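Student: Build me a model from this:
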Amino acid sequence: MRNSKLPALDPALVLAILRIAIGALFLSTFFENLGKGLYSAKGYAGLIHYYIQYGHAPAVWKHVMGFNAAHAAIAGPLQAVFEASLGVALILGFFSRPAALLAFGFLTALWVSEWGLGWYWELLVPMIVAAALTLGPSGERAAVDVALARRWPQLPI
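Tutor: Predicted structure coming up:
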């Protein structure tokens, strides 16, 4: 492969492209869910109850989801802020690796919640991308992290 005549991008640039893409996924999902009313108490609780009733998540996870549904007036708006903030942070490259770790955790929780309701790979691919962004130098190109690292080199980002 080293003798290939095909052009190759710098790996840090490839990770930046993936970071921006997953950030766009979060931001577009936020706007879609906002339009559907899924961050309102009624909409959020309804979606979570659907997951509980028809999904195949472990019983302990269904209890966690039930707790969130019972507190939907708080959990729904918190999730809206979380998803939108995560999307913006990933697109801008602001604390890229911690943001990618949060994205991985959130996508994993959603993946477990949707067991039996959708295609397994639907969320596995974004989870794998988020894990790669967490492990790689995802904030080294086209990122606010570059400026932060210059200003505060001791910052572990």
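Student: counting contacts, what elements does the host helix or strand of Ala132 pack onto?
Tutor: Assigned by DSSP states H and E, Ala132 belongs to helix 121-135. Under the contact criterion of 3 or more C-beta pairs under 8 Å, 6 or more residues apart in numbering; DSSP states H and E, helix 121-135 touches helix 11-36, helix 96-113. From N, CA and C alone the C-beta is placed, and that goes for glycine too.
Student: quick one: which of the ones you listed is nearest Ala69?
Tutor: Of all the helices and strands packed on helix 121-135, helix 96-113 sits nearest to Ala69, with 11.2 Å by C-beta to C-beta.
Student: re the thing from before, highest average neighbour count across the helices and strands packed on helix 121-135?
Tutor: Highest mean neighbour count among these (mean count of other C-beta atoms under 10 Å): helix 96-113, with a mean of 20.
Student: ok so, going back, any idea which of the helices and strands packed on helix 121-135 gets closest to Ala130?
Tutor: helix 96-113 (3.8 Å).
Student: And the average pLDDT for the closest one is what?
Tutor: Here helix 96-113 scores 97 as its mean pLDDT.
Student: so how far is that helix off the chain centroid?
Tutor: 5 Å (C-alpha atoms, centre = their mean, to the nearest Å).
Student: got the angle for it vs helix 11-36?
Tutor: 50 degrees (axes from the mean of the first three to the mean of the last three C-alpha atoms, to 10 degrees).
Student: Quick check: which ranges of this protein have low pLDDT?
Tutor: Within the chain, the set of residues satisfying pLDDT under 70 comprises 1-2, 157.
Student: Contacts only, for the residue most central in space within it.
Tutor: Residue closest to the mean C-alpha point of the chain, counted by C-alpha atoms, centre = their mean, is Ala103 at 3.0 Å. Shown in contact with Ala103 (C-beta atoms under 8 Å, 6 or more residues apart in numbering): 22, 26, 86, 90, 126, 130, 133.
Student: Is the second one in contact with Leu86, as I believe?
Tutor: Yes. Because the distance of 5.0 Å satisfies C-beta atoms under 8 Å, Phe26 is recorded as touching Leu86.
Student: Verify the stated contact: Ala84 with Phe30.
Tutor: Yes. Ala84 lies in contact with Phe30 (C-beta under 8 Å); the separation is 4.5 Å.
Student: Run through the residues that contact Val146.
Tutor: Contact analysis of Val146 by C-beta under 8 Å, 6+ apart lists 93, 139-140.
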